[in-house]
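*Asks:* What follows is a predicted protein model with its sequence.
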Amino acid sequence: MSEQRVRLEAGVGAAIRRHGEQTYPHECCGALVGIPGQVTTAVALPNTTEEGPRRRFLVRPSDYRIAEQRAGELGGELLGFYHSHPDHPARPSQFDLDHAWPTFAYVIVSVATGTARDMTVWYLKEDRTRFEEGELNGDDNPDSDPAAALHG
Amino acid sequence: MATTILIPTPLRPYTDKKDAVEADGATVGELLADLTRKHSGLKAHLFNEQGKLRSFVNIYVNEEDIRYLQREQTPLSPGDTVSIIPSVAGGAPTIEQGVRELPQLTNDEVQRYSRHLIMPEVGVVGQRKLKGGSVLCIGAGGLGSPAAMYLAAAGVGTIGMVDFDVVDFSNLQRQIIHGTPDVGRSKLDSARDRLHAINPHVDVQTYETALSSENALKLFEPYDVILDGTDNFPTRYLTNDACVLLGKPNAYGSIFRFEGQASVFATKGGPCYRCLYPEPPPPGLVPSCAEGGVLGVLPGVIGVIQATEAIKLVTGIGEPLVGRFLIYDALKMRFRELRLQKDPDCPVCGTHPTVTSLIDYDQFCGIHPAAPGTPAVGPSGSPGDITSLALKQRLDRGDALKLVDVREPNEYQINRIPGTVLMPLGDIPRRYRELDPSDEIVVHCKMGGRSEKAADFLRSVGFTRVLNLKGGILDWIDKVDPTQPKY
């Protein structure tokens, strides 16, 4: 486990889940904006991959610039990106690793048959050999609370 | 000459948190070399192990991507600003040739594949890729037969086959995976035996089902390449769309009479079947092989082209048939090639797709299947239809019915219903006056498709008592007169 951690402000986790459910069975993607250690806004971005949006996402350079710009406008900085894994666990793939940037928080939400489930956060190891899971706080995940899942 | 370089957020820890730094160089390549000398932590994130810029690192000089300039040789002028801009990519786990561990070859396999191994283009690595590779053949018929046999012989490790048919005598003229003793067996059982006889090392996976919007994505998911050997438009569009949605290449082929077509669709950046044909033809306009016939050897040529492309895709050698549409004319013995471009407005693979999940392809192709539980040929057809048994009863009763066979003369020579008049569909518009509109007319063809069009035409020119024989002469032979041959 990485020692890095990030807190999602109220509503951010729900927005990411909603985005993943809306684009299901395709992957969604977006930027995480805030102050170090705290995501205040999730900025949805178009998935522009040409390799099949069920298994891939791509944020093109022009959208990356928009994300940095948006972070500046909101008085924060770009902390990382989120994307969904339709019908796959919320764990980074080899493809994620091959394309990862250092220091960014990579939030992954698993969307199983249209319903968002687990959400995790990952950081690239300095030597690029693997991802380390970080600590994700403030996620209002109904699945993580068995009582809510039962009664919700 | 110092040039300013804008650093993106994730790389700022390597530039003392600065969002812009300066470095020297007359070209972009020199500039980046100087940059990574000054800030050594950047190197591993910008360049791969071979010293090439990573694919998701974009370098812009002012507002232009260096890929559209002279790449790393792009010269720099005073006042230029260079930006490093990330592409952010990722995705769920999938089968990746580059990542997947390739299986080793056994001594038996080395001997078996020696003619591949001695060619450097394939070699041991290529053969291991084949062994680790997988191809799903849609259909175990004319195209699927030769394709699967050569894929098995070549050592493709996993071959999947989707079909739900039974081997019929009329298949044997071209579907060489099946033999005469296999008539009546499931095509998949027959195909599996044949493939294992060719190469016992191959894992043959069979799916005895009709490909549908419900099962296509799940069936395609584990395979590297999909080989489209379908004989109908709904399944062809379904296969294409599922390949696009999953990002899997489609080794496409189709055949009709003496002409064949082949291409590779749905590769990264390449066109798909819908870029060529956004919409299907009206139902019935293009006859099927069962109606129009097919030269038996033709699917051999086209199926083997598809297998060739599948093997090239799995091994990554050569130039795939992407963006090229190959047309083969067996009578003239000529190949033509059309250039095919990805259509940015393509409804499934374009920049603003309108088809983002699998749809109802029968409806899309204008085909209205019988209601569930209704037999394809039965007493509860449309009011303009008559069944073979009902026709027989009425003929036996002595009803005055005018029987019109709308097939071609060569079909009429094979079998016929006694007492019919031959009037091929294409001749009806100029010959219908030979018929009496006051008669009750029954039109038929081989299976009921062409005669339905004939009936529609006759009604449109004022005939009021026209019936279409459901299921055509094939159903007549099954139900009424089994002494006649079928084709």
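*Replies:* Looks like it came in fine.
*Asks:* Residue B:20 and chain A, how far apart?
*Replies:* 13 Å (C-beta to the nearest C-beta, to the nearest Å). From N, CA and C alone the C-beta is placed, and that goes for glycine too.
*Asks:* what's around that residue, how many residues?
*Replies:* Look at residue B:20: counted by other C-beta atoms under 10 Å in any protein chain shown, it has 13 neighbours.
*Asks:* again, but for residue A:44
*Replies:* The number of residues near residue A:44, taken as other C-beta under 10 Å, comes to 16.
*Asks:* so is it in a helix, a strand, or just coil?
*Replies:* Using DSSP: H, G, I helix; E, B strand; the rest coil, the structure places residue A:44 in strand.
*Asks:* same question, residue B:124
*Replies:* Per three-state DSSP, residue B:124 ends up helix.
*Asks:* For residue B:231, see how far away it is.
*Replies:* According to C-beta to C-beta, to the nearest Å, residue B:124 and residue B:231 sit 38 Å apart.
*Asks:* Equivalent analysis for residue B:198, please.
*Replies:* To residue B:231, residue B:198 is 24 Å away according to C-beta to C-beta.
*Asks:* who's in contact with the closest residue to chain B within chain A?
*Replies:* In chain A, the residue that lies nearest chain B is residue A:52 (2.3 Å; C-beta to the nearest C-beta). Residue A:52 makes contact with B:244, B:245, B:246, B:247, B:248, according to C-beta atoms under 8 Å, 6 or more residues apart in numbering or on different chains.
*Asks:* between residue B:124 and residue B:231, which one's more packed in?
*Replies:* residue B:231 (19 against 14).
*Asks:* In this structure the more buried one contacts residue B:289, no?
*Replies:* Yes - shown here, residue B:231 and residue B:289 form a contact pair, counting by C-beta atoms under 8 Å, at 5.9 Å.
*Asks:* what touches both of the two?
*Replies:* residue B:142.
*Asks:* Now the residue in the stretch 101-250 of chain B that chain A sits nearest to: closest residue in space, sequence neighbours ignored.
*Replies:* Nearest residue of the stretch 101-250 of chain B to chain A, counting by C-beta to the nearest C-beta: residue B:247, 2.3 Å away. Using C-beta to C-beta, 6 or more residues apart in numbering or on different chains and skipping residues adjacent in sequence, the residue nearest residue B:247 is residue A:52, 2.3 Å away.
*Asks:* Now do that neighbour, the pLDDT please.
*Replies:* Note on residue A:52: pLDDT of 75.
*Asks:* Quick one, grab the pLDDT at residue 60.
*Replies:* In the absence of a named chain, chain A is used. 88.
*Asks:* should've been chain B
*Replies:* 92.
*Asks:* count of neighbours near it?
*Replies:* Going by other C-beta under 10 Å, the residues that sit close to residue B:60 add up to 20.
*Asks:* That one sits in which helix or strand?
*Replies:* Using DSSP states H and E, the element containing residue B:60 is strand B:57-61.
*Asks:* What's the first helix or strand after that strand?
*Replies:* Per DSSP H and E, the helix or strand that comes after strand B:57-61 is strand B:64-65.
*Asks:* Quick one: residues in contact with that following strand.
*Replies:* Contacts of strand B:64-65 (C-beta under 8 Å, 6+ apart): A:61, B:58, B:59.
*Asks:* again, but for stretch B:478-487
*Replies:* In contact with stretch B:478-487 (C-beta under 8 Å, 6+ apart) are residues B:170, B:387-389, B:391-392, B:411, B:414-417, B:446, B:471, B:473-474, B:477.
*Asks:* need the residues of the stretch 201-350 of chain B near chain A, please.
*Replies:* Residues of the stretch 201-350 of chain B lying near chain A by C-beta under 8 Å from any C-beta of the partner chain: B:217, B:244, B:245, B:246, B:247, B:248, B:268, B:269, B:349.
*Asks:* Where strands are concerned, which of those count?
*Replies:* Per DSSP state E, strands hold no members of these.
*Asks:* any idea how far residue A:58 lies from residue B:269?
*Replies:* 12 Å.
*Asks:* returning to what we had before: tell me what the strand holding residue B:60 is packed against?
*Replies:* Under the contact criterion of 3 or more C-beta pairs under 8 Å, 6 or more residues apart in numbering or on different chains; DSSP states H and E, strand B:57-61 touches helix B:28-38, strand B:81-86.
*Asks:* distance between the helix or strand where residue B:451 lies and the chain's centre?
*Replies:* Mapping residue B:451 onto the secondary structure by DSSP H and E places it in helix B:449-460. The chain centre lies 31 Å from the centre of helix B:449-460; the measure is C-alpha atoms, centre = their mean, to the nearest Å.
*Asks:* in it, what's buried?
*Replies:* B:449, B:450, B:451, B:452, B:453, B:454, B:455, B:457, B:458 (16 or more other C-beta atoms under 10 Å in any protein chain shown).
*Asks:* for stretch A:37-51, same thing?
*Replies:* Of the residues in stretch A:37-51, those buried (16+ other C-beta under 10 Å) are A:38-45, A:47-51.
*Asks:* May I have that stretch as PDB, with CA atoms only?
*Replies:* The C-alpha coordinates for stretch A:37-51 follow below in PDB (Å, rounded to 0.1, in the frame of the first residue of the first chain):
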ATOM      1  CA  GLY A  37      -4.600  15.500  -0.800                       C
ATOM      2  CA  GLN A  38      -8.200  16.700  -1.400                       C
ATOM      3  CA  VAL A  39     -10.300  16.400  -4.600                       C
ATOM      4  CA  THR A  40     -12.900  19.200  -4.700                       C
ATOM      5  CA  THR A  41     -14.100  18.600  -8.300                       C
ATOM      6  CA  ALA A  42     -14.300  15.800 -10.800                       C
ATOM      7  CA  VAL A  43     -14.200  17.200 -14.300                       C
ATOM      8  CA  ALA A  44     -15.800  14.800 -16.900                       C
ATOM      9  CA  LEU A  45     -13.800  14.600 -20.100                       C
ATOM     10  CA  PRO A  46     -14.700  12.900 -23.400                       C
ATOM     11  CA  ASN A  47     -13.300   9.400 -24.000                       C
ATOM     12  CA  THR A  48     -11.600   9.800 -27.400                       C
ATOM     13  CA  THR A  49     -10.000   6.400 -27.700                       C
ATOM     14  CA  GLU A  50     -10.000   4.700 -31.100                       C
ATOM     15  CA  GLU A  51      -9.300   1.300 -29.700                       C
END
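*Asks:* Contact partners for residue 90?
*Replies:* Assuming you mean chain A. Residue A:90 sits in contact with A:108, A:109, A:110, A:117, A:118, A:119, A:120, where contact means C-beta under 8 Å, 6+ apart.
*Asks:* hmm, I had chain B in mind actually
*Replies:* A:29, A:56, A:57, A:83, A:92, A:93, A:95, A:96, A:99, A:100, A:106.
*Asks:* so of the residues you listed, which ones are in strands?
*Replies:* Using DSSP E, these in strands are A:29, A:57, A:83, A:106.
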